[in-house]
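Participant: Return atomic coordinates for the entry below.
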Amino acid sequence: MTGPATGPVTPPRRPLRIGNSSGFYGDRFDAMREMLTGGPLDVLTGDYLAELTLLILGRDRLKDPRLGYAKTFLRQLEECLGIAHERGVRIVANAGGLNPGGLADAIKELAVRVGVPARVAHVEGDSLPLPPGALTANAYLGGTGITACLAAGADVVVTGRVTDAALVTGPAAWWHGWGPEEYDRLAGAVVAGHVLECGTQATGGNYSFFGDFGGHGLRRPGFPLAEIHADGTSVITKHPGTGGVVDIGTVTAQLLYETGGARYAGPDVTARLDSVRLDQDGPDRVRISGVRGEAPPPTLKVGRTRLGGWRNEVVFVLTGLDIDAKAALVREQVEDVFARAKSRPGQVKWELSRTDRPDADTEERASALLRLVVRDSDPDAVGRTVSGAAIELALGSYPGFHVTAPPAKGTPYGIFEADVVAPDEVAHTAVLPDGTRESIPPASRTRSLADVPEPPLPAPPPPGSTKKAPLGLVAGARSGDKGGDANIGVWARTDDAWAWIAHTLTTDLLRQLLPECADLDVERHVLPHLRALNFTLHGLLGEGVASQARFDPQAKALGEWLRARHLDIPEALL
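Facilitator: Alright, predicted model coming up:
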């Protein structure tokens, strides 16, 4: 493969053109080929890791110590390594998961087998000693190890647990020759990296106002790319002719995804999200500028996973009349079985979803769903006890008794825990293409995180008539998970709507609109340049996505629920 440099880099005059081909383990398989063949690129990244993914890879490694990495990445390379070589594109991915060295060795073997010369490097050191009961423990590394690998001439760099944005900051620092304390430039790359990391969420996927796109091909949106300039500014775009849309709204939505306050901390730099400015730079082009950076915090984030126990669920279908009475009957019957069982589940949760409609024209639309979820440390307590109760009631319960699927054995569930560790306890190491091991030092300067004073709000809107309507008519939203917490970013598309939202959507009103959050600690962060509010809902997701504590365990649709809630909205905005 060829590239701009294999040693110390003189900052090129042109921007780095860096794309993304994966937002999670299981994303569109053909995306790597599409990005390599769809237009010019210098670097192609892939994000394969999430909190849940590490638990999955940990269970893989229990079965086979040689595993622990994203196997689909290797299959993608089998058909794309030659294309990348021909086009001179470097590939950087965190697909190494829990075993980046093992994946690097597998890529070297693959390169020999397919006859493509490839210099392969990897970054390791994120794995930490396992505390009792833990399945995985990993520190979130920055992009400096990636920079070192690329500077040594690597064509493919695979890592373990680095921050999602590090997949972009590492190549950008290599390409432009940035030093470790060029905080504004690094912060600009962090923001670009955060926009790219979730793939097609930046090009119209999962977007509140998807109906505005018309014939823009949202059926198969293209993956995003960024043009990162030497001063840290960037333009988010996509290859010509691909589906989806890149506009200020799609970029704003992704900027708010799984973030919190104004300070977005990382191992290389803390980016100030309250400094970000977005401008439409032409069709499918959004310019990001004004980003300010600060020294990174004095600690590194650590993510740990462990098996939390066993869970099972049964969904009872209740059809036609007397839905509440039918639900009460089957609950009483099942609870009676639990009371008489040798091993009653430790946690029992019931949820009735009234999906039924009166005088329905199909049986499905006449039916409601009663969901039973149980948890326990004993697999028998959620296995035989639960499946036996559901089966034995089949001919002796409510009229029309049936379930959506046959009762099954319990399945293990996981727990994600976040912590911090001192950087000098982490052996961040770049293993270069020739096998040399280069130790990556921690940041020489740090800055403790502190809340940013709330910026001044816009002038409140003038009084006027209002109308009861869904919030989503005037606001977009995107939500996600961070461990046991959820976030909802809410933004306005006009200054008038922003003035109303900024003064109206308080934490108290949010709790009223989302009663599940009534007793939670809720934080509100104001980002005026984005015309946005970002809410953090502490503890909504229990012990994290792997524990599946909610119907929507990753809070993916929490924002859309909020947009569907009705409140008094000024008629001038409608």
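
Participant: in the stretch 1-150 of the chain, which spans are helices?
Facilitator: 31-37, 51-63, 71-87, 100-114, 144-151 (DSSP state H, counting those that start in this stretch).

Participant: tell me the most buried of those helices?
Facilitator: Ranked by mean neighbour count, the helices of the stretch 1-150 of the chain are led by helix 144-151 with a mean of 27 (mean count of other CB atoms under 10 Å). Every residue, glycine included, has its C-beta placed from N, CA and C.

Participant: Tell me which other helices or strands that helix touches.
Facilitator: strand 90-93, strand 120-124, strand 156-159, helix 166-176, strand 429-431 (3 or more CB pairs under 8 Å, 6 or more residues apart in numbering; DSSP states H and E).

Participant: can these go into CSV with extra columns for mean neighbour count and mean pLDDT?
Facilitator: Below are the helices and strands packed on helix 144-151 laid out as CSV (neighbours: other CB atoms under 10 Å; pLDDT from 0 to 100):
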stretch, mean neighbour count, mean pLDDT
strand 90-93, 28, 98
strand 120-124, 27, 98
strand 156-159, 32, 98
helix 166-176, 29, 98
strand 429-431, 23, 98
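
Participant: right, and those - which one's nearest K482?
Facilitator: Closest approach to K482 among these (CB to CB): helix 166-176, 17.0 Å.

Participant: And for the one helix or strand in the chain whose mean pLDDT sits lowest, what's in contact with it?
Facilitator: Least confident helix or strand, the chain: helix 384-392 with a mean of 85, by mean pLDDT, DSSP states H and E. Here helix 384-392 makes contact (CB atoms under 8 Å, 6 or more residues apart in numbering) with 312, 314, 316, 333-334, 337-338, 341-345, 372, 374, 403, 407-410.

Participant: redo that, cut-off 7 Å
Facilitator: N312, V314, V334, V337, F338, A341, S343, P345, V374, V403, P407, A408 (CB atoms under 7 Å, 6 or more residues apart in numbering).

Participant: which two of those lie the greatest distance from each other?
Facilitator: Farthest apart among the contacts of helix 384-392 by CB to CB are S343 and V403. That separation is 21.5 Å.

Participant: in the protein, which segments are predicted with low confidence?
Facilitator: Scanning the chain for pLDDT under 70 picks out the ranges 1-13, 215.

Participant: For A422, give me its contacts.
Facilitator: T299.

Participant: Could you measure from it over to F416?
Facilitator: A422 sits 21 Å away from F416, going by CB to CB, to the nearest Å.

Participant: Could you do G293 as well?
Facilitator: Applying CB to CB to G293 and F416 gives a distance of 28 Å.

Participant: Hmm, P267 is touching T144, no?
Facilitator: No. At 8.0 Å, P267 does not count as touching T144 under the criterion of CB atoms under 7 Å.

Participant: how close does W350 sit to G383?
Facilitator: 19 Å.

Participant: let me redo that: P442
Facilitator: Relative to G383, and taking CB to CB, P442 is found at 47 Å.

Participant: Show me which of those two is the more surrounded one.
Facilitator: Between P442 and G383, counted using other CB atoms under 10 Å, G383 has the larger neighbour count: 21 against 18.

Participant: if I pick the more buried one, what's in contact with it?
Facilitator: N312, K409, G410.

Participant: quick one: contacts for the last one?
Facilitator: Residues touching G410, when contacts are defined by CB under 7 Å, 6+ apart, comprise W310, R311, N312, P379, V382, G383.

Participant: which residues touch the fifth one?
Facilitator: Contacts of V382 were listed using CB under 7 Å, 6+ apart, and they are W310, R311, N312, P345, V374, R375, D376, G410.

Participant: Three-state assignment for the fifth one, please.
Facilitator: In other words, V374. What DSSP: H, G, I helix; E, B strand; the rest coil gives for V374 is strand.

Participant: How about the contacts made by it?
Facilitator: Residues in contact with V374, defined by CB under 7 Å, 6+ apart, are R311, N312, P345, Q347, V348, V382, V386.

Participant: Quick check on the first one: phi, psi?
Facilitator: Meaning R311. phi -130, psi 160 (degrees, to the nearest 10).

Participant: so how many other residues sit close to it?
Facilitator: With other CB under 10 Å as criterion, R311 counts 21.

Participant: next one: the second one
Facilitator: N312: 24 surrounding residues under other CB under 10 Å.

Participant: same question, the last one
Facilitator: With neighbours defined by other CB under 10 Å, the count for V386 comes to 29.

Participant: Quick check: it vs Q512, distance?
Facilitator: Taken as CB to CB, the span from V386 to Q512 is 36 Å.

Participant: tell me the helices in the stretch 201-350 of the chain, going along the chain?
Facilitator: Counting by DSSP H, counting those that start in this stretch, the helices of the stretch 201-350 of the chain are 248-256, 323-340.

Participant: Dump these into CSV; add mean neighbour count and distance to A518 as well.
Facilitator: As requested, those are exported to CSV (neighbours: other CB atoms under 10 Å; distance: least, CB to CB, whole Å):
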stretch, mean neighbour count, distance to A518
helix 248-256, 25, 23
helix 323-340, 15, 23
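
Participant: Just put those in TSV and tack on distance to G241.
Facilitator: Output for the helices of the stretch 201-350 of the chain, formatted as TSV (distance: least, CB to CB, whole Å):
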stretch	distance to G241
helix 248-256	18
helix 323-340	50
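
Participant: To S208, which of those lies closest?
Facilitator: S208 sits nearest to helix 248-256 of all the helices of the stretch 201-350 of the chain, at 6.9 Å, using CB to CB.

Participant: what distance separates the closest one from the centre of its chain?
Facilitator: Centroid separation for helix 248-256 versus its chain: 14 Å, with CA atoms, centre = their mean, to the nearest Å.

Participant: Many thanks, I have nothing further to ask.
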